[in-house]
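**Student:** Give me a 3D structure for the following:
(chains A, B, C and D)
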Number of protein chains: 2
Amino acid sequence: MASSNTKQAIMNAAAQIIHQDGILEMTLESVAKQADLSKGGLLYHFPSKEDLVKGLVDHQMQVYMENIKAGAENDTTNKGKWTRSFIQETFRQSTSNKELDAGLLAAIAYDPNLLNPIQEAYQHWQQQIEEDELDPVKATILRLAVDGLWFSEIFGLAPLAKELKEEVLHELITLSKGE
Amino acid sequence: MASSNTKQAIMNAAAQIIHQDGILEMTLESVAKQADLSKGGLLYHFPSKEDLVKGLVDHQMQVYMENIKAGAENDTTNKGKWTRSFIQETFRQSTSNKELDAGLLAAIAYDPNLLNPIQEAYQHWQQQIEEDELDPVKATILRLAVDGLWFSEIFGLAPLAKELKEEVLHELITLSKGE
DNA sequence: GACAAAAAACCGTCCAGACGGTATACTAAA
DNA sequence: TTTAGTATACCGTCTGGACGGTTTTTTGTC
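**Tutor:** Next up, the predicted model:
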């Protein structure tokens, strides 16, 4: 119980360091310090650095997956429900949740294999989106657009002004309701 | 003249290692070996590792910028020319040029500040796209969609099948020609 | 064109520091 | 007294980069 909280604190600390100072600054010591813990204490919860990165990715992905599934299932309109849920949830993650960003970057830096769970989830979503009672090409463009928005936030590549961002989201949702 | 070739070879080597083995494997020694050079020789051309990463980013961005500018200027239709050029060139980069990917990932890992030139270029393009005689929201969505496509290639997040990818490109270009 | 001198390109070794991880000791609660 | 959790000390390895040297290319002069 303390264990679970500490684990969470450690992952938060790691994500924050990655976000602020870059991946190379995320050392066991720096994470431990940020989480107000000793290196030994950290290693008790994550026996290796790879375990830490894996923990980051897996934990964030679990939430991400559950939310998208729930969004699709609770949508009263069948047509485009997966596309819509994907748009909503990815938009939300991209603007508020920096931990998934950190996990993504850490994973590709430390070991591309750690991306596997994310890649599998995406494969599944892409399939749902292509079979969403919409034109597959247009639906895919909607998916790519939110991904692009997320991308722009991660790397700071002309992230959209708040107002434009809201308009883009609104338009994407509208388009997800079909022709 | 040998200098220029060697520099290019070194950057190629660095990009290849990043792409194959990840950022952490890109050490001065591994790059030197891949470029068929000694560590001393490498450090002659790039006095520090940061210089190497900066070189990667700057060189690739220069090409990227020139191509987008040229594409817009050579477009006979005024409406949507920047959006179209951005789509074309980013699509091209995302499918064939892995060096910009490598530069992007290396930069964010080693020092987020190294992303500045890319960020400035994007800011400029975004502005052109918003003033491209198209609906700004729709034009922005097109931009984001190609970025999303690039994103999907970098991280392997459900990269599109070849055929779908072509259809998406075609549709984006069509949409860039206005309502 | 010959050739010395200077500059450019390149090599291999060495080292201080940082890092991941182990071993072990401590502490508080049950 | 056991055990989960934390702390401290320590070790072996790797890495960036400094450095002194060597080879190759260019340049200036006759």
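
**Student:** Tell me which stretches of chain A form helices.
**Tutor:** In chain A, the helices defined using DSSP state H lie at A:2-21, A:28-34, A:39-45, A:49-73, A:81-96, A:98-110, A:116-130, A:136-155, A:162-175.

**Student:** gap between the closest residue to residue A:38 other than its chain neighbours and DNA strand C?
**Tutor:** In space, not counting the residues next to it along the chain, residue A:38 is nearest to residue A:32; the distance is 5.9 Å by CB to CB, 6 or more residues apart in numbering or on different chains. Heads up, the C-betas are built off the backbone N, CA and C, glycines and all. In this structure, residue A:32 and DNA strand C are separated by 9 Å, where distance is defined by CB to the nearest atom of the strand, to the nearest Å.

**Student:** Find the closest residue to DNA strand D in chain A.
**Tutor:** Sorted by distance to DNA strand D under CB to the nearest atom of the strand, the residues of chain A start with residue A:40, at 2.5 Å.

**Student:** pretty sure residue A:123 is touching residue B:158, no?
**Tutor:** Yes: with contact defined as CB atoms under 8 Å, residue A:123 counts as touching residue B:158 (5.0 Å).

**Student:** In terms of neighbours, single out the busier of these two.
**Tutor:** Between residue A:123 and residue B:158, residue B:158 has the larger neighbour count (other CB atoms under 10 Å in any protein chain shown), namely 22 against 14.

**Student:** Show me the domain layout of chain A.
**Tutor:** Taking automatic domain parsing as the domain assignment, the ranges for chain A are A:1-47, A:49-175.

**Student:** Determine which stretch of these is the most buried.
**Tutor:** With neighbours defined as mean count of other CB atoms under 10 Å in any protein chain shown, the domains of chain A peak in mean count at domain A:49-175, which reaches a mean of 19.

**Student:** That one near DNA strand D at all?
**Tutor:** No: counting by CB under 7 Å from any atom of the strand, DNA strand D is not contacted by domain A:49-175; separation bottoms out at 12.3 Å.

**Student:** now check that domain, is it near DNA strand C?
**Tutor:** Yes: Domain A:49-175 is in contact with DNA strand C by CB under 7 Å from any atom of the strand, via A:49, A:50.

**Student:** Got the phi and psi for residue A:131?
**Tutor:** Dihedral pair for residue A:131: phi -110, psi 40, per degrees, to the nearest 10.

**Student:** quick one: it from residue B:159, how far?
**Tutor:** In this structure, residue A:131 lies at 18 Å from residue B:159, with CB to CB, to the nearest Å as the measure.

**Student:** that older thread, would you turn the domains of chain A into TSV with mean pLDDT?
**Tutor:** What follows is the domains of chain A, written out as TSV (pLDDT from 0 to 100):
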stretch	mean pLDDT
domain A:1-47	92
domain A:49-175	96
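
**Student:** circling back to that earlier point, how much space between the residue of chain A closest to DNA strand D and DNA strand C?
**Tutor:** Remark: distance between residue A:40 and DNA strand C (CB to the nearest atom of the strand) = 4 Å.

**Student:** Next: residue A:129.
**Tutor:** Distance, residue A:129 to DNA strand C, using CB to the nearest atom of the strand: 37 Å.

**Student:** go on, residue A:168?
**Tutor:** Using CB to the nearest atom of the strand, one obtains 38 Å as the distance from residue A:168 to DNA strand C.

**Student:** residue contacts, the residue minimising distance to the centre of chain A?
**Tutor:** The structure's chain A has its C-alpha centroid closest to residue A:100; by CA atoms, centre = their mean the separation is 3.8 Å. With contacts defined as CB atoms under 8 Å, 6 or more residues apart in numbering or on different chains, residue A:100 is in contact with A:60, A:61, A:64, A:93.
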